[in-house]
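Novice: I would like to see how this sequence folds:
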Amino acid sequence: MEEYRVKMMPQADAELEEIGYFIALDKPQAAKRFTTEWVAALTTLLSRFPESGTVHKGEISA
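Specialist: Numbers count the residues shown, from 1 in each chain. Next up, the predicted model:
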C-alpha cells in the first residue's frame, strides 16, 4: 500500500498547541504525551487513508 505525505496546516497546529497548553495547566507531562501521540496517530492514519481527512483547497507551501 502506498503511503502519502501528511502536512499539518498552520491553523490545525495552532489549535493543537492551544489544547496542549490547556492540558499542561494541570498536567504538563500529559500534555506533551497527548500532543505527540495525537500527531503520530493522525499522521499514520492519513498517510494510509488520505481521503479520510479534509482536503485543503488553498496553496500549501513545503
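
Novice: Now residue 7. Its backbone dihedrals?
Specialist: The phi and psi values for residue 7, taken as degrees, to the nearest 10, are phi -120, psi 130.

Novice: Hmm, I typed the wrong one, I wanted residue 9.
Specialist: Backbone torsions for residue 9, taken as degrees, to the nearest 10, come to phi -80, psi 150.

Novice: And residue 27, by the same measure?
Specialist: The phi/psi pair for residue 27 (degrees, to the nearest 10) reads phi -140, psi 90.

Novice: How many neighbouring residues does it have?
Specialist: Residue 27 is flanked by 11 other residues according to other CB atoms under 10 Å. From N, CA and C alone the C-beta is placed, and that goes for glycine too.

Novice: Please name the residues that touch the spatially most central residue of the chain.
Specialist: The C-alpha lying nearest the average C-alpha coordinate of the chain belongs to residue 39 (CA atoms, centre = their mean; 4.1 Å). Residue 39 is in contact with 8, 16, counting by CB atoms under 8 Å, 6 or more residues apart in numbering.

Novice: swap in residue 23?
Specialist: Applying CB under 8 Å, 6+ apart, the residues contacting residue 23 are 30-31, 34.

Novice: Can you check what pLDDT the model gives it?
Specialist: pLDDT recorded at residue 23 is 96.

Novice: Could you do residue 26 as well?
Specialist: 96.

Novice: Count the residues that sit near it.
Specialist: Residue 26 has 8 neighbours, counted by other CB under 10 Å.

Novice: For the helix or strand in which residue 19 is found, C-alpha coordinates in CSV please.
Specialist: For residue 19, the host element (DSSP states H and E) is helix 10-24. The C-alpha trace of helix 10-24 is given here as CSV (Å, rounded to 0.1, in the frame of the first residue of the first chain):
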residue,chain,number,x,y,z
PRO,A,10,-1.0,26.2,10.5
GLN,A,11,-4.5,26.6,11.9
ALA,A,12,-4.6,22.9,13.0
ASP,A,13,-1.1,23.3,14.5
ALA,A,14,-2.2,26.4,16.4
GLU,A,15,-5.3,24.7,17.7
LEU,A,16,-3.4,21.6,18.9
GLU,A,17,-0.9,23.9,20.7
GLU,A,18,-3.9,25.6,22.5
ILE,A,19,-5.2,22.1,23.5
GLY,A,20,-1.7,21.1,24.7
TYR,A,21,-1.4,24.4,26.7
PHE,A,22,-4.8,23.8,28.4
ILE,A,23,-3.9,20.2,29.4
ALA,A,24,-0.5,21.5,30.6
